[in-house]
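Undergrad: Here is a sequence with its predicted model. Questions after.
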Amino acid sequence: DRDYYKTYLMPLMHYEQWDPVKIDGKAQSASWKQYVRSNEADCDAIMSIWQPGDVIWIMDYTLFLLPALLRACVPTMTIALYI
């Protein structure tokens, strides 16, 4: 989900502080759940075509959860994360 990425991950990865007035926990929780679902959808798409020997390249920090999700499916999968 782009909202979680743009609101929380991108500032964090660029050494920016969050606006404490905007942090209430409710929006973050809902946004986090959407972010997880988005990464799970990417995992499902990859798993539908993955074959042993394939190398999975993950090219952005918007997909930080994806390696763990993929590893849960195939512990020996070769995964590269480039940020």
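TA: Cool, the structure landed.

Undergrad: Any stretches of the protein with poor pLDDT?
TA: By pLDDT under 70, the weakly predicted segments of the chain are 1-2, 18-23.

Undergrad: most centrally placed residue in it?
TA: The geometric centre of the chain, computed from its C-alpha atoms, lies nearest to residue 63 (CA atoms, centre = their mean), at 2.8 Å.

Undergrad: roughly how far apart are it and residue 75?
TA: According to CB to CB, to the nearest Å, residue 63 stands 19 Å off from residue 75. C-beta here means a position set from N, CA and C on the backbone, and glycine is covered the same way.

Undergrad: now residue 51
TA: Taking CB to CB, one finds residue 51 at 16 Å from residue 75.

Undergrad: now residue 25
TA: Note on residue 25: its distance to residue 75, by CB to CB, is 34 Å.

Undergrad: repeat for residue 32
TA: 25 Å.

Undergrad: more neighbours, those two?
TA: residue 32 (14 against 7; other CB atoms under 10 Å).

Undergrad: Which helix or which strand is home to that one?
TA: Using DSSP states H and E, residue 32 sits within helix 26-49.
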